[in-house]
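Colleague: Below is the structure, and that's it, no one-letter string:
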């Protein structure tokens, strides 16, 4: 075979090689040390984006009541998924506390530096884990969960489930 007889084949092979080299240089990480990229270091985390939640009634530091929290939780789907058919959501407790107190209880709210007060709500389902990635063999629902609301803005700062 000569190059004159198969110029299109040679062109396709060269183009494929160039494409593979370019793809590898773009998509393969350069740092193989296992360290995370520097832009995600603990001192330079990406900004947090809370989800809209309860509508505040005032502009006060605590802009809505425990009853507003209760009403919201009872009328909105739990973030992990809906309550299992035949059951209703039950609020186990609602606690108003400082962000620092919530951090001390294990909630990870350090990034919300402008948040002073939060409502921490513990609920009982059972809930489907529709919006949660779970391991194979883990049941598709959980019994309890929690939500954390900014007491000033009403935003959902964090929600969670027991360890799956």
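Modeller: Received, thanks. Given the structure is predicted, the values throughout are model-derived calculations rather than measurements.

Colleague: any weak-confidence spans in this structure?
Modeller: 1-6, 21-48, 163-164 (pLDDT under 70).

Colleague: Tell me where it has helices.
Modeller: 7-27, 66-75, 99-104 (DSSP state H).

Colleague: Using JSON lines, lay out these together with mean neighbour count and distance to residue 122.
Modeller: Bear in mind the C-beta positions are built from the backbone N, C-alpha and C, glycine included. Below are these laid out as JSON lines (neighbours: other CB atoms under 10 Å; distance: least, CB to CB, whole Å):
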{"stretch": "helix 7-27", "mean neighbour count": "10", "distance to residue 122": "43"}
{"stretch": "helix 66-75", "mean neighbour count": "15", "distance to residue 122": "10"}
{"stretch": "helix 99-104", "mean neighbour count": "16", "distance to residue 122": "12"}
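
Colleague: Looking at those helices, spot the one closest to residue 159.
Modeller: helix 66-75 (10.7 Å; CB to CB).

Colleague: Could I get the phi/psi values of residue 108?
Modeller: phi -110, psi 80 (degrees, to the nearest 10).

Colleague: thought it was touching residue 160?
Modeller: No: Residue 108 lies out of contact with residue 160 (CB atoms under 8 Å); the separation is 9.4 Å.

Colleague: Please compare those two by neighbour count and tell me which comes out ahead.
Modeller: residue 160 (16 against 13; other CB atoms under 10 Å).

Colleague: Tell me how far the residue lying closest to the more buried one once chain neighbours are set aside lies from residue 83.
Modeller: Leaving aside its sequence neighbours, residue 160 sits nearest to residue 146 (CB to CB, 6 or more residues apart in numbering; 5.6 Å). Plainly put, residue 146 is 15 Å away from residue 83 if you go by CB to CB, to the nearest Å.

Colleague: Okay, domains of the protein per the record?
Modeller: Segmentation of the chain into domains, based on automatic domain parsing, reads 7-38, 48-160.

Colleague: Single out the most deeply packed of these.
Modeller: Of the domains of the chain, the one with the most neighbours on average (mean count of other CB atoms under 10 Å) is domain 48-160, at a mean of 16.
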